[in-house]
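J.: Take a look and give me a structure for this.
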Amino acid sequence: MAEAHQAVGFQFTVTPDGIDLHLSREVLKHIYLSGVTSWIKRAIRFKNGILTGVYPASPSSWLIAVIAIMSTMYARIDPSLGMIDTIKRTLPVSDYMTVQTQTVLSAILFATGLWLSLILMLRYILKALLSYHAWIFESHGKMSFCTKLWLSLVKMFSGRRPLLYSFQASLPRLPVPSVDDTITRYLESVRPLLDDEQYNQMEVVANDFKRDEAPKLQKYLILKSWWATNYVSDWWEEYIYLRGRSPIMVNSNFYAMDLLYVIPTHRQAARAGNVVHAMLQYRRKLERGEHAPLRALGVVPMCSYQMERMFNTTRIPGIETDFVQHLSDRKHLVVYHKGRFFKVWLYYGGRHLWPSELETQFQRILDDTTEPQPGELKLAALTAGNRVPWARSRLKYFSQGVNKASLEAIETSAFFLTLDDEAHGYDPDKLRSLDLYAKSLLHGKCYDRWFDKSFTLIAYKNGKLGVNAEHSWADAPIVGHMWEYVLATDCFHLGYTEEGHCKGDINKGLPPTAKLQWDIPLECQEVIEDSYMVAKEIADDVDFHGCLFDEFGKGLIKKSRTSPDAFIQLALQLAQFRDKGEFCLTYEASMTRMFREGRTETVRSCTIESTAFVRAIMTNPPSGELDLFRKAADKHQNMYRLAMTGSGIDRHLFCLYIMSKYLNIDSPFLKQVLSEPWRLSTSQTPQQQLNMVDINKFPRYVGAGGGFGPVADDGYGVSYIIVGENLITFHISSKFSSPETDSYRFGQNIRQAMLDIRALFDQNDKKEM
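T.: Numbering: from 1, shown residues only. Purely as a prediction, here's the structure:
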């Protein structure tokens, strides 16, 4: 076998004359280069650890501090106020430690201590400055003198050329809101959804909680916030994601689409080769901390900790809870194609494979005509079904032999790649093309994505791409950051030949891909089939609609002096009312990454102001709706800002609920709050995080965003991305099994709501003229 031949590094035979040793120089060369690469990575990590550890100072500043102290010593000035002499007296005297050596060493130790103290002081000053959030509540373009002064100070204390993780130690902790503020905001958020009697009952229950259970729970939560880096994130990951026992496919995982209008090449292997190479470039920069930290206003740093687990990460199933396994220096990926799993090495001669070499490897897999082994075809359905059967099967059938080795190859891979045998993408001539594309990315055939991997890259046979991402390790903007880099690198830096192949020479000496081996018994095959049927029922129930709204975009909305996000959220409230004839509890995801290890917070978009606006525009004839719209938009924007600055409602109540469970305190209020269904769940996908592509210059090279499955059985999931100045893409999901929902109908309602709101401004402009 070719694999066996490549694996042989040396051979020896015993002859009458002794041992005859045969060394493979080529293999030994690669072993040597692999070792050199590993040591280089360790050296870079060590260097970055030092640079990050002393930030916002630099290692060279230590030398300056030492020289400064030594200079004052020679000038017979003691800046240490006697501390250098105290250090000197504690040092032993010996033949090797002369008085002069003692003096120099004492000065160096004092300078080092002074330098470290200054670093800590700078960090605390920067942390105090970053705790100022008044700037976010100021009107756009109207910056106060206080904020301008604050910005100057932040720039002054932020250092130069920060690495990705340089600001982590300087970010403030997420504050715990007061119980009074949270209860007040909660009651305000449910007022438009309850009649007077229901609201009065809720008010009584909330006040009882505030008086009886809340004080004790709040004290313990504040204690946790002092001890933990972030009082929410660890519990959020564990209880919202990892302890869930239902399928993560559709219910938790999300997807990201390729460029909307452009397919750089229709050669499947070539597109996969370029993109995998771009991902390896991104990973190398990630490991070296070379990505610039994201900053609001170009100054205020965002937390980067979620990016650490982007690659080499897998969600491992457990009976009661899963856990996230993150490794380092994974040098292979696993590829799925037509029911077979292949292991592909990503390094050759101590370097990443070039795009052309990866294309060669992927083409070999596409040309392979071997049949799947028994049970192999739908094996990945285990990751799509319920978690407990998967956990038990993993322990019983995949803990030894070839099954263990093959599963380990998947779980320890850099990421997972599916070479799909279908063609997908947006086709303006096919009405439901975007819908089918989204459903394929979200769940595929239920057995052709490894849903436990941090992400699965999907390459379709027509050259289109997409990503399916597991949610526990990070949120969508983190995956979006990587995806934006990859697509820009693919199209504008790597490129393709005229024939559509990857650029570069073909290395015919590459080792062949290794097909993973399985020995799956009939009992396990039955479990796989059961998981597949569970997953298929979920997938078949997903009603998806992709809506491209190109009547207007961010440009026109900003001219109306309104936040684009608030504009869209109010349009969603109008669409929801038209669709169902009633309002519902609405979830919008906001980020809290201005705090260390921050993830998300909920903005409750259905407000007293938004419902008043919707009712006004629905009356015949409408009256005063533009003023009501502005009030509702301002209210939404203020709520979003509160959520971003740690004064949201739901994460605080969630943590109080978890604390009540630990303390065995029964709280009817918290039970009711956490059982309320989110019948409209929304999220905005960030755009242009890296600004690698000028979409005004290249308008066809825009992404289509991504989406997620419905959160409630009788509700909608809506993800939207504001693409440039003239396009907004909506990804709408619901369930066919609900007679109350229809994703296509809701998309049409959104479109009409957007046009109706614009018409308000058009009418107002005509009146002013």
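
J.: how about the strands of the stretch 151-300 of the chain, start to end?
T.: 254-257, 295-296, 300-301 (DSSP state E, counting those that start in this stretch).

J.: if we compare those strands, which one ends up closest to M83?
T.: strand 300-301 (34.6 Å; Cβ to Cβ). In this view, the C-beta of every residue, glycine as well, is placed from N, C-alpha and C.

J.: tell me the mean pLDDT over the closest one?
T.: Across strand 300-301, the average pLDDT comes to 94.

J.: looking at the strands of the stretch 151-300 of the chain, which one has the lowest mean pLDDT?
T.: strand 295-296 (a mean of 90).

J.: who's in contact with that one?
T.: P301, M302, M594 (Cβ atoms under 8 Å, 6 or more residues apart in numbering).

J.: Which residue is the nearest non-sequential neighbour of the first one?
T.: Read it as P301. Excluding the flanking residues, the one nearest P301 by Cβ to Cβ, 6 or more residues apart in numbering is F167, at 3.9 Å.

J.: Do you know the pLDDT at S71?
T.: At S71, pLDDT is 83.

J.: Could you give the number of residues near it?
T.: Applying other Cβ atoms under 10 Å, we find 12 residues neighbouring S71.

J.: now the end-to-end length of stretch 75-86.
T.: One end of stretch 75-86 sits 19 Å from the other (Cα to Cα, to the nearest Å).

J.: measure the spatially closest residue to K378 that is not a sequence neighbour to V190 for me?
T.: Distance criterion Cβ to Cβ, 6+ apart; nearest residue to K378, sequence neighbours excluded, is Y447 at 4.0 Å. Separation of Y447 from V190 (Cβ to Cβ, to the nearest Å): 42 Å.

J.: Which of the two has more residues huddled nearby?
T.: Y447 (25 against 18).

J.: Show the contacting residues for the more buried one.
T.: So Y447 contacts L377, K378, L379, A380, A381, A384, Y532, A535 (Cβ under 8 Å, 6+ apart).

J.: Buried ones among those residues?
T.: L377, K378, L379, A380, A381, A384, Y532, A535 (16 or more other Cβ atoms under 10 Å).

J.: List the buried residues for stretch 562-581?
T.: 562-580.

J.: Which of the residues you listed fall within helices?
T.: 564-580 (DSSP state H).

J.: what's the spacing between the nearest residue to M591 once chain neighbours are set aside and Y348?
T.: Closest residue to M591 apart from its sequence neighbours, by Cβ to Cβ, 6+ apart: T600 at 5.9 Å. With the distance defined as Cβ to Cβ, T600 ends up 40 Å from Y348.

J.: thinking again about what came up before, please work out which of the strands of the stretch 151-300 of the chain is packed deepest.
T.: Among the strands of the stretch 151-300 of the chain, strand 254-257 has the highest mean neighbour count (mean count of other Cβ atoms under 10 Å), at a mean of 26.

J.: Remind me what that strand packs against, helices and strands.
T.: helix 433-442, strand 465-469, helix 476-489, strand 706-708 (3 or more Cβ pairs under 8 Å, 6 or more residues apart in numbering; DSSP states H and E).

J.: Low-confidence stretches in the stretch 501-650 of the chain?
T.: In the predicted model of the stretch 501-650 of the chain, residues 620-623 satisfy pLDDT under 70.

J.: Which parts of the stretch 51-200 of the chain are helices?
T.: 59-74, 83-90, 99-130, 145-157, 179-190, 196-211 (DSSP state H, counting those that start in this stretch).

J.: Can you tell me which of those is nearest to L51?
T.: helix 59-74 (7.1 Å).

J.: okay, the angle between the closest one and helix 99-130?
T.: 130 degrees (axes from the mean of the first three to the mean of the last three Cα atoms, to 10 degrees).

J.: can you state the direction angle for helix 59-74 and helix 83-90?
T.: 90 degrees.

J.: Next, the buried residues of helix 59-74.
T.: W62, A65, V66, I69, M73.

J.: Could you do stretch 506-520 as well?
T.: Those buried within stretch 506-520 under the rule 16+ other Cβ under 10 Å are L510, P511, P512, T513, A514, K515, L516, W518, I520.

J.: Just give me the closest of the contacts of strand 295-296 to I248.
T.: Distances from I248 to the contacts of strand 295-296, taken by Cβ to Cβ, are shortest for M302, at 26.3 Å.

J.: if we can go back for a sec, which one of the helices of the stretch 51-200 of the chain lies nearest to N691?
T.: That would be helix 145-157 among the helices of the stretch 51-200 of the chain, by Cβ to Cβ, at 19.7 Å.

J.: what number of residues lie near L585?
T.: Neighbour count of L585, defined by other Cβ under 10 Å: 20.

J.: I'd guessed it sits against S681; true?
T.: No: L585 is beyond contact range of S681, at 9.5 Å (criterion: Cβ atoms under 8 Å).

J.: thinking again about what came up before, and which of the buried ones among the contacts of Y447 is nearest to I722?
T.: The closest of the buried ones among the contacts of Y447, once distances to I722 are taken by Cβ to Cβ, is A384, at 31.7 Å.

J.: Domain boundaries for this protein, per the record?
T.: According to automatic domain parsing, the chain comprises the domains 55-132, 244-540, 544-645+678-769.

J.: of the ones you listed, which approaches E238 most closely?
T.: Nearest of those (Cβ to Cβ): domain 244-540, 6.9 Å.

J.: host element of M754?
T.: Using DSSP states H and E, M754 falls within helix 743-768.

J.: Tell me which residues of that helix come out buried.
T.: Applying 16+ other Cβ under 10 Å to helix 743-768 flags 743-751, 753-754, 756-758, 760-761 as buried.

J.: Repeat that for stretch 288-303.
T.: G289, H291, P293, L294, V300, P301, M302, C303.

J.: what's the answer for stretch 580-600, then?
T.: Buried-residue list, stretch 580-600, by 16+ other Cβ under 10 Å: 580, 583-600.

J.: show me the contacts for V673.
T.: Y186, L653, Y657.

J.: can those residues go into a markdown table with extra columns for pLDDT?
T.: Compiled in a markdown table, these are given as follows (pLDDT from 0 to 100):
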| residue | pLDDT |
| --- | --- |
| Y186 | 97 |
| L653 | 97 |
| Y657 | 96 |
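
J.: Please type out the ChimeraX selection for whichever of those turn out to be buried.
T.: Selection of the buried residues among the contacts of V673 in ChimeraX, burial being defined by 16+ other Cβ under 10 Å:
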select :186,653,657
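
J.: Just confirm Y239 contacts I658, I think it does.
T.: Yes: with contact defined as Cβ under 8 Å, Y239 counts as touching I658 (6.3 Å).

J.: So what's the residue count around I125?
T.: By other Cβ under 10 Å, neighbour count at I125 equals 16.

J.: Hmm, I typed the wrong one, I wanted K697.
T.: There are 7 residues near K697, going by other Cβ under 10 Å.

J.: before we move on, what about the one 4 residues further on?
T.: The local packing of Y701 (other Cβ under 10 Å) involves 18 other residues.

J.: Just to be sure, I458 is in a helix?
T.: No: looking at I458 with DSSP: H, G, I helix; E, B strand; the rest coil, it is strand, so not inside a helix.

J.: List the beta-bridge partners for it.
T.: T418, G466 (DSSP bridges).

J.: who's in contact with it?
T.: L417, T418, D420, S440, L441, G444, R449, L465, G466, V467, N468.

J.: Columns pLDDT, distance to D550 and neighbour count on top of those, output as a markdown table?
T.: Formatted as a markdown table, the contacts of I458 follow (pLDDT from 0 to 100; distance: Cβ to Cβ, whole Å; neighbours: other Cβ atoms under 10 Å):
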| residue | pLDDT | distance to D550 | neighbour count |
| --- | --- | --- | --- |
| L417 | 98 | 33 | 27 |
| T418 | 98 | 31 | 23 |
| D420 | 97 | 28 | 25 |
| S440 | 98 | 23 | 25 |
| L441 | 98 | 22 | 29 |
| G444 | 97 | 28 | 25 |
| R449 | 98 | 30 | 30 |
| L465 | 97 | 23 | 27 |
| G466 | 97 | 22 | 26 |
| V467 | 98 | 24 | 23 |
| N468 | 98 | 27 | 26 |
